[in-house]
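**Student:** give me the fold of what follows.
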Amino acid sequence: MVAYIAVCIGFMVVVNIVCNIIINIVTRKRELGLLAAMGMRKDKIIKLLIYEITAILDNVIIYSFLVSVGLSVFF
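**Tutor:** I've put the predicted structure just below:
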C-alpha cells in the first residue's frame, strides 16, 4: 500500500514538473519570438530551453533529495 502511494505521488510530481515546463515555454512565446526576430537560430533557442529545463530539473532533484533525507531522519 505504501509503495502504491509513493508511485502515485511520484507520478503527480512528474506531471507537475512537465506542466511547469510547458507553461514556461508557452508564456515565454513572445520572448522566444523576439530572440528569433533578432537573429538567434532555432537550434540556439532550443539549446537555451534545454539548459533552462536542465537547471530546473537539477534543482528539483537536489531539493527533493535533501527533503527526503531530512524526512527519513525523523521518520
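**Student:** for the chain, which helix is longest?
**Tutor:** For the chain, the helix with the greatest residue count under DSSP state H is helix 42-74.
**Student:** flag every buried residue along that helix.
**Tutor:** Using 16 or more other CB atoms under 10 Å as the test for burial, helix 42-74 gives no buried residues. Bear in mind the C-beta positions are built from the backbone N, C-alpha and C, glycine included.
**Student:** what's the offset of that helix from the middle of its chain?
**Tutor:** Helix 42-74 sits 6 Å away from the centroid of its parent chain (CA atoms, centre = their mean, to the nearest Å).
**Student:** if you count contacts, what does that helix end up packed against?
**Tutor:** The contact analysis (3 or more CB pairs under 8 Å, 6 or more residues apart in numbering; DSSP states H and E) places helix 42-74 against helix 2-27, helix 29-37.
**Student:** got the angle between the first one and helix 42-74?
**Tutor:** Following axes from the mean of the first three to the mean of the last three CA atoms, to 10 degrees, one obtains 150 degrees for the angle between helix 2-27 and helix 42-74.
**Student:** the last one too?
**Tutor:** Going by the same axes, to 10 degrees, helix 29-37 is angled at 140 degrees with respect to helix 42-74.
**Student:** just the mean pLDDT for helix 29-37, thanks.
**Tutor:** Averaged over helix 29-37, pLDDT sits at 93.
**Student:** buried set for it?
**Tutor:** 32, 35.
**Student:** wait, doesn't residue 20 sit right on residue 56?
**Tutor:** Yes - counting by CB atoms under 8 Å, residue 56 is a contact partner of residue 20 at 7.4 Å.
**Student:** mutual contacts of the two, please.
**Tutor:** The contact sets of residue 20 and residue 56 do not overlap (CB atoms under 8 Å, 6 or more residues apart in numbering).
**Student:** need the residues that contact stretch 42-60.
**Tutor:** 17, 20, 21, 24, 25, 32, 35, 36.
**Student:** and the average pLDDT for that stretch is what?
**Tutor:** So the average pLDDT for stretch 42-60 ends up being 91.
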